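Asks: Sequence plus predicted model, see below.
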Amino acid sequence: MIGFTNGRDAALWAQIRATQLSAGRGLAIVMFAANALGAAIAVLLLAPFAPLVEVVGWGVTTVMLAAGVAMRRLRSHRREDGYARRADVRSTIQEGAALALCWSIPWLLVEIVPAGTLAGFGLVLAILMTGAAYAMAPLVAATFVFLGGIALFAAIALSLIGAYAAAAGGVCFALLLAAICTSRGKSLVALRAAEIALEERDETVSLLLREFEETEADWLWETDSARRVVKPSPRFVAACGLDPAAIDGMPFLQVLAGPAWENGNFAAGLRLLAEKLKARESFRDVRLPVTVGGVERWWELSASPRHDASGQFSGFRGVGSDVTEQRASADKINRMARYDTLTGLPNRLHINETLARAMAEADRWGGRCAFMMIDLDRFKAVNDTLGHPVGDRLLSRVSERLGQLMGKGEMCGRLGGDEFAVVVADATDPAAVETLARRIIETLSQPYEVDQHTLYIGASVGLAIAPRDGRTAEMLIRSADLALYRSKDKGGGVFHAYEPQLHVQAEERRVLEMALRKALDRAEMYLAYQPVVDAGTGELTGFEALLRWNSPEFGNVPPTKFIPLAEEARLIGPIGEWVVRTACAEAACWPDDIRVAVNVSPDQLQNPGFVATVASALAASGLSAGRLELEVTESVFMHEGLGAIKTLERILDLGVRLSLDDFGTGYSSLGYLSRTRFSSIKIDRSFVQAAAKGIREAVAIVSAVVALAKSLGMGTTAEGVETEAEHRMVQAFGCTKVQGYYFGRPLPVEEARDLANRRMQAAA
């Protein structure tokens, strides 16, 4: 306040200082007049007791100094609403000090002036100090110096003549004036700060109102107590598209209703607005459709009731906005959130909502509804071979066919990927629902023409009916998913309805998976080794390492049960790595000419790190690469796009041998067979046993495989040989190696090691 610091808000205090200087400038003439009159009276009082020249000279000097201070303040053309520096306020301290020094000089005559005259001079000073405390209050620092200087000199002078009481009284009087000055100064500062804040608020409000009025989609509106439009703003008139003269005094609801005012077909938003107006309640963001120039627009209205000075209701005043574009954007966003962008069908969210409503209606009326989950068969092969763009166009064709099958009360949608769903609101006729499921499979299985490609896919369907198979949407979807899993397990192309047993099997599968995740850490898995012998001599040439799982909870779990589960649960990677490392470590203990064969899952070959795993296992065990043989099935060729074939090539570069297992039972491809350097082909036991029974087709297949292998420089291993007759048969076919119970069942590691060592000793 006195000009030494800025405070927290420098700009605010700069404005307050400008106000202080402006107030001082306004009282400059008053201050000069007071000093001039006081000096004249003082000269008259002191002239009889001191040299006239000195007294008059002092009086003239005082008047000239007061005039100079007044002129200096008047020359300061600083606006009250401007800004001033701290130095500007501090410079007034010099003015106060100069005037105080000048008025303190007469106290030098204290010893020669009579007490009465001295009292008169003190009265003049008292009046002058009081006037200064009033006139110079805005400039607190200058006033403090002026009052303090005079009081100090007066107290010293009075003390020298022993007038201690008068001296103390003068000091107390000066302190009282300083307190009054401080109070006035604070009041001035507080008042000016409030004015500045009010000005800023008014400026902000004015700016907002100008921006509001300039915004094309917003306007102000007002009604009287009878809900008629009064003082319509130009923006409101333009938004309504009506004549300004006609809209003034028109019922507000009639303006909004437009053509519907005559027929009474009002929108829900208009009815809500009418209720608010009738109840004289404030409202916010009420949306309603309005017809403007024959085009439907959407408005959003907010308002509050207003009252006159006597408290009587006088109407409403509010604001309106045209939110047509915002509503269109919201509708678009809502559609994007509820519909699949690729197919245009309802997405998972929309399907779940529709299913929940259908189940609620069925529960209310004691009916039934159905839910189908649809999975496309062989769709992945299209993506892998022709690419995702073709796959996306195929999905669009599938969605078109599904949409054409839907009747009243039926809705289809896409769950994601190649999974679709159907909600049937009325499933009281189970036969009709099953017929729809069959039609879906039949229709989706018809060939598709996409980008000059003729594509064949199929569909599998899982069906669940509420409330029998689930009383909530989540439960019903889970039931349909389990039924779909059964359909896929049967090979696809069929539909399967949910059965309670499916849930039991799923729970067993879940518990089995949990146990499988801990099997390796608990050392529950081990390898058994089945002998592989030379077909001509019967000599041992190697072993096939077979994975076994002995669970404390489930006992001996067959590989046909836990291997697919490990692949589905993505556990085949760590399990397969353990198998490779364990088999290599064991084979290193056998004679150098005995190999070990390890089955490899297609999922393992899709992992780029599998080659490093094989190389690490060979290095750690010291086993030569030529003694390790990896067996792969034909299904690996269906994953060429995932890099499995490149992985095989890198494994071959290590020197590891490859064997094609179960040839003829899957997706046989002579092209892949000719391009991949397999060392041998394994003939599946089903063909061997069928050929032993004299089945002509099996005999032809075995003969053809052996001939094909010979022409490609590959060996052949006949699996499942269980009798001497079968052994002689495969010898006659020309198979190079034999494997089966006739030569030995899978052996524990110790027995396999003993067998290998005995064979070495016999050879020696």
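Replies: Great, that's in hand. Numbers count the residues shown, from 1 in each chain.
Asks: Help me confirm that Asp375 is found in a helix?
Replies: No. Assigned with DSSP: H, G, I helix; E, B strand; the rest coil, Asp375 falls outside any helix and is strand.
Asks: isn't it right next to Tyr485, touching?
Replies: No. Applying Cβ atoms under 8 Å as the test, Asp375 and Tyr485 come out as separate, 9.2 Å apart. Placement of C-beta: from N, CA and C, glycine included.
Asks: Mutual contacts of those two, please.
Replies: Between them, Asp375 and Tyr485 share no contacting residue under Cβ atoms under 8 Å, 6 or more residues apart in numbering.
Asks: ok, so what distance separates Pro289 from Ala167?
Replies: 88 Å (Cβ to Cβ, to the nearest Å).
Asks: Please apply the same query to Gly68.
Replies: 31 Å.
Asks: Pick out whichever of the two has more residues nearby.
Replies: Ala167 (19 against 14; other Cβ atoms under 10 Å).
Asks: pretty sure that one is in a helix, no?
Replies: Yes. The assignment for Ala167 by three-state DSSP puts it in a helix.
Asks: residue contacts, it?
Replies: 154-156, 158-159.
Asks: as a whole number, average confidence for stretch 187-197?
Replies: Averaged across stretch 187-197, the pLDDT comes to 69.
Asks: Flag every buried residue along stretch 605-622.
Replies: 605, 607, 610-611, 613-614, 617-618, 621 (16 or more other Cβ atoms under 10 Å).
Asks: wait, I meant stretch 396-406
Replies: Residues of stretch 396-406 classed as buried: 398-399, 402 (neighbour count, 16+ other Cβ under 10 Å).
Asks: Adjacent strands (with direction) for the helix or strand harbouring Ile465?
Replies: Using DSSP states H and E, the element containing Ile465 is strand 458-466. The sheet places strand 458-466 alongside strand 369-377 (antiparallel), strand 495-497 (parallel), with pairing taken from DSSP bridges.
Asks: quick one: the next helix-or-strand element following it to chain centroid distance?
Replies: Next helix or strand after strand 458-466 toward the C-terminus (DSSP H and E): helix 473-489. Centroid separation between helix 473-489 and its chain, computed with Cα atoms, centre = their mean, to the nearest Å, is 31 Å.
Asks: How about stretch 446-460?
Replies: 38 Å.
Asks: Which positions within that stretch qualify as buried?
Replies: 448, 450, 455, 457-460.
Asks: Report the rounded mean pLDDT for that stretch.
Replies: 91.
Asks: And for stretch 166-181?
Replies: 80.
Asks: List the buried residues of it.
Replies: In terms of neighbour count (16+ other Cβ under 10 Å), stretch 166-181 has its buried residues at 166-167, 170-171, 173-174, 177-178, 181.
Asks: wait, isn't Ala437 in contact with Ser460?
Replies: No. Counting by Cβ under 8 Å, Ala437 stays clear of Ser460, with 10.2 Å between them.
Asks: Please name the nearest non-neighbouring residue to the residue nearest in space to the middle of the chain.
Replies: For the chain, the residue nearest the mean C-alpha position is Ala337 (14.8 Å; Cα atoms, centre = their mean). Nearest non-adjacent residue to Ala337, counting by Cβ to Cβ, 6 or more residues apart in numbering: Leu349, 6.7 Å away.
Asks: Am I right that that neighbour is in a strand?
Replies: No. Going by three-state DSSP, the assignment for Leu349 is helix, not a strand.
Asks: how many neighbours does it have?
Replies: As a burial measure, Leu349 scores 12 neighbours (other Cβ under 10 Å).
Asks: can you map out the helices along the stretch 401-550 of the chain?
Replies: 430-444, 473-489, 500-519 (DSSP state H, counting those that start in this stretch).
Asks: Mind checking those for the one nearest to Leu44?
Replies: Taking Cβ to Cβ, helix 473-489 is the member of those nearest to Leu44, at 107.7 Å.
Asks: Keeping just the C-alphas, turn that closest one into PDB.
Replies: Presented in PDB, the C-alpha positions along helix 473-489 are these (Å, rounded to 0.1, in the frame of the first residue of the first chain):
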ATOM      1  CA  ALA A 473     -27.700 -63.300 -21.300                       C
ATOM      2  CA  GLU A 474     -24.300 -64.200 -20.100                       C
ATOM      3  CA  MET A 475     -25.300 -67.800 -19.200                       C
ATOM      4  CA  LEU A 476     -27.200 -68.300 -22.400                       C
ATOM      5  CA  ILE A 477     -24.200 -67.100 -24.500                       C
ATOM      6  CA  ARG A 478     -21.900 -69.400 -22.600                       C
ATOM      7  CA  SER A 479     -24.300 -72.300 -23.200                       C
ATOM      8  CA  ALA A 480     -24.400 -71.600 -27.000                       C
ATOM      9  CA  ASP A 481     -20.600 -71.300 -27.000                       C
ATOM     10  CA  LEU A 482     -20.300 -74.800 -25.400                       C
ATOM     11  CA  ALA A 483     -22.800 -76.200 -28.000                       C
ATOM     12  CA  LEU A 484     -20.700 -74.600 -30.800                       C
ATOM     13  CA  TYR A 485     -17.600 -76.100 -29.400                       C
ATOM     14  CA  ARG A 486     -19.300 -79.500 -29.700                       C
ATOM     15  CA  SER A 487     -20.200 -78.800 -33.300                       C
ATOM     16  CA  LYS A 488     -16.700 -77.900 -34.200                       C
ATOM     17  CA  ASP A 489     -15.400 -80.900 -32.300                       C
END
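Asks: for the record, mean pLDDT for it?
Replies: Mean predicted confidence for helix 473-489 is 91.
Asks: cool, stretch 68-75 as well?
Replies: 78.
Asks: Just the buried positions in it, please.
Replies: Neighbour-count burial for stretch 68-75 [16+ other Cβ under 10 Å]: 69-70, 73.
Asks: next one: that stretch to chain centre, how far?
Replies: Taking mean C-alpha positions (Cα atoms, centre = their mean), stretch 68-75 and its chain are 67 Å apart.
Asks: Any stretches of the stretch 1-150 of the chain with poor pLDDT?
Replies: Applying pLDDT under 70 to the stretch 1-150 of the chain flags the ranges 1-26, 76-91, 134-138.
Asks: What of the chain?
Replies: The chain contains residues with pLDDT under 70 at 1-26, 76-91, 134-138, 185, 189, 192-193, 196-217, 637-643, 664-675, 759-764.
Asks: how about 50 then?
Replies: 79-80, 207, 639-642, 763-764 (pLDDT under 50).
Asks: neighbours of Glu419, just the number please.
Replies: Every residue meeting other Cβ under 10 Å relative to Glu419 is counted, giving 16.
Asks: Same check on the one 10 residues further on?
Replies: For Asp429, the tally of surrounding residues (other Cβ under 10 Å) stands at 11.
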